[in-house]
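Peer 1: This is the structure alone, sequence omitted:
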């Protein structure tokens, strides 16, 4: 892998880590708690966030945007490496794909 491809690869993983914070916050903590209440989420009001439904939507949208940006950086790094005839191990290619699959399945299960 050449230097530019490696920088793109590492930046895609850094963006993924940043996005996984909001992913875990949304899908594993906030969304299940919001579903436990017996009133519609859009009518709930939080003293910290204001409209709870708008907060959930913005958190989910931010997570999706960050995950897609990370995926785009990853695809560009793999394409750049392939165009330069660089060598890359299968583990380096497959591990982020498993992470992206996990993230998007988790978003899908949480009810986007």
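Peer 2: Cool, the structure landed. In this text the structure is predicted, and so the values were computed from the model without any measurement. Residues are numbered from 1 along each chain as shown.

Peer 1: From here on, just use CA atoms for contacts and neighbour counts.
Peer 2: OK.

Peer 1: Helix or strand: which one has the closest residue to residue 5 other than its chain neighbours?
Peer 2: Leaving aside its sequence neighbours, residue 5 sits nearest to residue 77 (CA to CA, 6 or more residues apart in numbering; 4.7 Å). Secondary-structure assignment from DSSP states H and E places residue 77 in helix 52-83.

Peer 1: For that helix, what is the distance to the chain centroid?
Peer 2: Centroid separation for helix 52-83 versus its chain: 6 Å, with CA atoms, centre = their mean, to the nearest Å.

Peer 1: Count the neighbours of residue 108 for me.
Peer 2: Counted with other CA atoms under 10 Å, the burial measure for residue 108 works out to 11 neighbours.

Peer 1: What separation is there between it and residue 64?
Peer 2: Plainly put, residue 108 is 11 Å away from residue 64 if you go by CA to CA, to the nearest Å.

Peer 1: again, but for residue 32
Peer 2: Relative to residue 64, and taking CA to CA, residue 32 is found at 18 Å.

Peer 1: of the two, who's got more company?
Peer 2: Under the neighbour definition other CA under 10 Å, residue 32 and residue 64 were set side by side, and residue 64 has more, 19 against 12.

Peer 1: In terms of pLDDT, where does that one sit?
Peer 2: As summarised for this prediction, residue 64 has a pLDDT of 90.
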